[in-house]
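> Sequence and predicted structure are below.
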Amino acid sequence: MLKTIRYLLVAAALTLPVAAMAEEVVELGGGLFGGGRALLNKPAGKARAGLVLLTGGDGYVGISADGDVARHGNWIVRTRGAYARSGIASILVDGDADPAKAIEIMRGIAPRVIIVAMSRGSLKVPGLLASRPDGVVFASSMLSDVQSSLGDPSRLPPTLIVHHREDGCRVTTPEAAVAFQSWAGSRARTVWIDGGSSTGNPCQAQAHHGFIGREGAVVSAITGFAGSLR
């Protein structure tokens, strides 16, 4: 019971600020009839960094014209407003929107732009490196496929790997994260996440793959990485 209460308190702390903050719906193009959308969160003062948030699965979260979100399960969606408290802007990109355009918009807001890619969203990263992000975060990512697509670690900007030690998804194994770190060398560092809860499909949001109960640790790792870039 205590563990459940603690999880609910953490989840509330991470998600309630989103409702309290004014989010901006941004049209990025790339979707049906060119209407791919994103949700922009900015801190009260000047942003010290900006995050471009790419979810897993098919990437679709269902951002409506008035800012409602159809799918809330992914931790990236639930925690999107938490970064602003650290002076970091973020833009949540829907699956049919153009992430390169999101990087361009964030360039006008923050001095450094970091792509944060979850699971299958990581497969978009190699194609976005031409936009010259200042950093990349791979969270529960398909790193074997990313490595194969990149070919050479020199293509990577400063990189953070965030991975759960017990991720049971067959395409995002902890062993693949270790192998990617070895391949990337000094261009990457890894933060391992422990604990939390896990139910259902090991590749879905309610499993260790989705950092359930450990969202705060993931947000902290990302904000720390963003603050380390110069």
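That came through fine. Numbering: from 1, shown residues only.

> what separates the residue most central in space within the chain from Leu92, distance-wise?
The centre of the chain sits closest to Val116, judged by CA atoms, centre = their mean, with a distance of 3.5 Å. Distance of Val116 to Leu92, computed by CB to CB, to the nearest Å: 10 Å. In short, each C-beta sits where N, CA and C put it, glycine included.

> Are there residues contacting both of the two? Which ones?
When contacts are counted by CB atoms under 8 Å, 6 or more residues apart in numbering, the set common to Val116 and Leu92 consists of Leu53, Ile76.

> For the residue nearest to Ala205 when sequence neighbours are not counted, grab phi and psi.
Leaving aside its chain neighbours, Ala205 sits nearest to Gly73 (4.0 Å; criterion: CB to CB, 6 or more residues apart in numbering). Its backbone dihedrals place Gly73 at phi -70, psi -40, with angles given as degrees, to the nearest 10.

> my guess is Gly73 meets Asn201, correct?
No. With contact defined as CB atoms under 8 Å, Gly73 does not count as touching Asn201 (11.4 Å).

> if you count what's nearby, which of the two comes out ahead?
Gly73 (15 against 12; other CB atoms under 10 Å).

> Check the spacing between that one and Ile222 real quick.
Computed as CB to CB, the Gly73 to Ile222 distance reads 19 Å.

> Val136 reaches Leu156, doesn't it?
Yes. Applying CB under 8 Å as the test, Val136 and Leu156 come out as touching, 6.8 Å apart.

> Which one's more surrounded, these two?
Per other CB under 10 Å, whichever of Val136 and Leu156 has more neighbours is Val136, with 26 against 22.

> Mean confidence (pLDDT) on stretch 29-41, please.
Predicted confidence along stretch 29-41 averages 77 (mean pLDDT).

> can you tell me the distance between the two ends of that stretch?
For stretch 29-41, the separation between the terminal residues is 19 Å (CA to CA, to the nearest Å).

> for this protein, what are the low-confidence residue spans?
Confidence mapping of the chain against pLDDT under 70 gives the ranges 1-21, 31-35.

> could you pull out the helices for it?
Counting by DSSP state H, the chain has helices at residues 2-20, 75-78, 99-107, 125-128, 143-150, 174-184, 215-228.

> May I see those helices arranged in CSV, with distance to Arg165 as well?
Compiled in CSV, the helices of the chain are given as follows (distance: least, CB to CB, whole Å):
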stretch, distance to Arg165
helix 2-20, 18
helix 75-78, 16
helix 99-107, 29
helix 125-128, 23
helix 143-150, 15
helix 174-184, 6
helix 215-228, 12
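
> So for Leu51, which of the ones you listed sits nearest?
Each of the helices of the chain was checked against Leu51 via CB to CB, and the shortest separation belongs to helix 215-228, namely 6.9 Å.

> can you pull the buried residues of that closest one?
Taking 16 or more other CB atoms under 10 Å as the neighbour-count basis, helix 215-228 is seen to contain the buried residues Glu215, Ala217, Val218, Val219, Ala221, Ile222, Thr223, Phe225, Ala226.

> now for that helix, which elements pack on it?
Other helices and strands packing on helix 215-228, by 3 or more CB pairs under 8 Å, 6 or more residues apart in numbering; DSSP states H and E, are helix 2-20, strand 49-54, helix 75-78, strand 113-118, strand 135-139, strand 159-164, strand 188-193.

> out of the helices of the chain, deepest packed?
Across those, the average number of neighbours (mean count of other CB atoms under 10 Å) peaks for helix 75-78, which reaches a mean of 23.

> Reformat the buried residues of helix 215-228 into TSV and put distance to Leu51 next to each item.
Putting the buried residues of helix 215-228 into TSV (distance: CB to CB, whole Å) gives the following:
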residue	distance to Leu51
Glu215	15
Ala217	17
Val218	12
Val219	10
Ala221	12
Ile222	7
Thr223	9
Phe225	10
Ala226	7
